[in-house]
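Undergrad: Could you look at this predicted model? Sequence included:
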Amino acid sequence: NAGVTQTPKFQVLKTGQSMTLQCAQDMNHNSMYWYRQDPGMGLRLIYYSASEGTTDKGEVPNGYNVSRLNKREFSLRLESAAPSQTSVYFCASSASRNSPLHFGNGTRLTVT
Amino acid sequence: AQSVTQLDSQVPVFEEAPVELRCNYSSSVSVYLFWYVQYPNQGLQLLLKYLSGSTLVKGINGFEAEFNKSQTSFHLRKPSVHISDTAEYFCAVWFNQAGTALIFGKGTTLSVSS
């Protein structure tokens, strides 16, 4: 039982490059989320998808786009990476919006 | 805007001592409350949750937390910590209003030494 799987685990980008972070869950959860974690800032919500076919902005959506490809997959895209986007990105899923979240192991992104 | 405040960014403690990690939230609506733990270079794991019922909830690894509605608090406690409890702990709150997701505090680093 894999739970929430994120790829890649590590990535280094140059300023202006683009990339997509992939996330898939096998728990048949309805809701999926992208958070970023920065030292001393806790986890801040970038975007979430309460159910298949819907996406909503979180606290820090600027510079990111998301796609809920199907019930299992929720990707996060950086169109033009900036050094301020250097962070650890976590994908999570839950059965519903007020259920406990299950987290992936994170993607450590460095933008130079 | 709704907010979650973890009052201590770092808590150093000796092994076998008791510990309390504090969490307060701002709310005029009903809430669901969670504590997560993050070990180095790992994702977050659920420690415990309060959804309804008894205000004292027990979680994994001997942790417990008490929901105090009047004080809008959800403090995490353990009577005797181990070296292996060294980790970062996050309080998280789901506010029962449209268009919200789980909001996290900034975290408390618990350092247990012998």
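TA: Happy to help now that I have it. The structure displayed is predicted, hence computed values, not measured ones.

Undergrad: contacts and neighbour counts: CA atoms only from here.
TA: OK.

Undergrad: Now residue 50. Nearest residue, chain neighbours left out?
TA: Chain wasn't specified; assuming chain A. Nearest residue to A:Ala50, sequence neighbours excluded (Cα to Cα, 6 or more residues apart in numbering or on different chains): A:Ser31, at 4.4 Å.

Undergrad: looking at chain B here, not the other one
TA: Spatial nearest neighbour of B:Tyr50, excluding adjacent residues (Cα to Cα, 6+ apart): B:Leu33 at 5.0 Å.

Undergrad: Look at the one you found and say how many residues are nearby.
TA: B:Leu33: 24 surrounding residues under other Cα atoms under 10 Å in any protein chain shown.

Undergrad: Pretty sure it sits in a strand.
TA: Yes - assessed with DSSP: H, G, I helix; E, B strand; the rest coil, B:Leu33 lies in a strand.

Undergrad: before we move on, the earlier item: who is the residue nearest to A:Ala50 paired with across the strands?
TA: Applying DSSP bridges to A:Ser31 yields these beta-bridge partners: A:Ser94.

Undergrad: which residue ranges form the strands in chain B?
TA: For chain B, strands defined by DSSP state E occupy the ranges B:3-6, B:10-14, B:19-21, B:23-26, B:31-38, B:44-50, B:56-58, B:64-68, B:73-78, B:87-95, B:103-104, B:108-113.

Undergrad: Arrange the ones you listed in CSV, one row each, with mean pLDDT as further columns.
TA: Listed next are the strands of chain B as CSV, based on pLDDT from 0 to 100:
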stretch, mean pLDDT
strand B:3-6, 94
strand B:10-14, 97
strand B:19-21, 98
strand B:23-26, 95
strand B:31-38, 94
strand B:44-50, 94
strand B:56-58, 96
strand B:64-68, 95
strand B:73-78, 97
strand B:87-95, 94
strand B:103-104, 92
strand B:108-113, 97
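
Undergrad: can you tell me which residues contact A:Tyr47?
TA: The neighbours of A:Tyr47, taking Cα atoms under 8 Å, 6 or more residues apart in numbering or on different chains as the test, are A:33-35, A:55-61, A:66.

Undergrad: Partner strands of the helix or strand harbouring it and their direction?
TA: Here A:Tyr47 sits within strand A:42-49, counting by DSSP states H and E. When pairs are called by DSSP bridges, strand A:42-49 turns out to pair with strand A:31-38 (antiparallel), strand A:56-57 (antiparallel).

Undergrad: where does the residue nearest to A:Ala50 land on pLDDT?
TA: pLDDT, A:Ser31: 93.

Undergrad: got TSV for the contacts of A:Tyr47, with neighbour count too?
TA: As requested, the contacts of A:Tyr47 are exported to TSV (neighbours: other Cα atoms under 10 Å in any protein chain shown):
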residue	neighbour count
A:Tyr33	29
A:Trp34	25
A:Tyr35	24
A:Thr55	19
A:Asp56	15
A:Lys57	17
A:Gly58	20
A:Glu59	13
A:Val60	13
A:Pro61	17
A:Val66	22
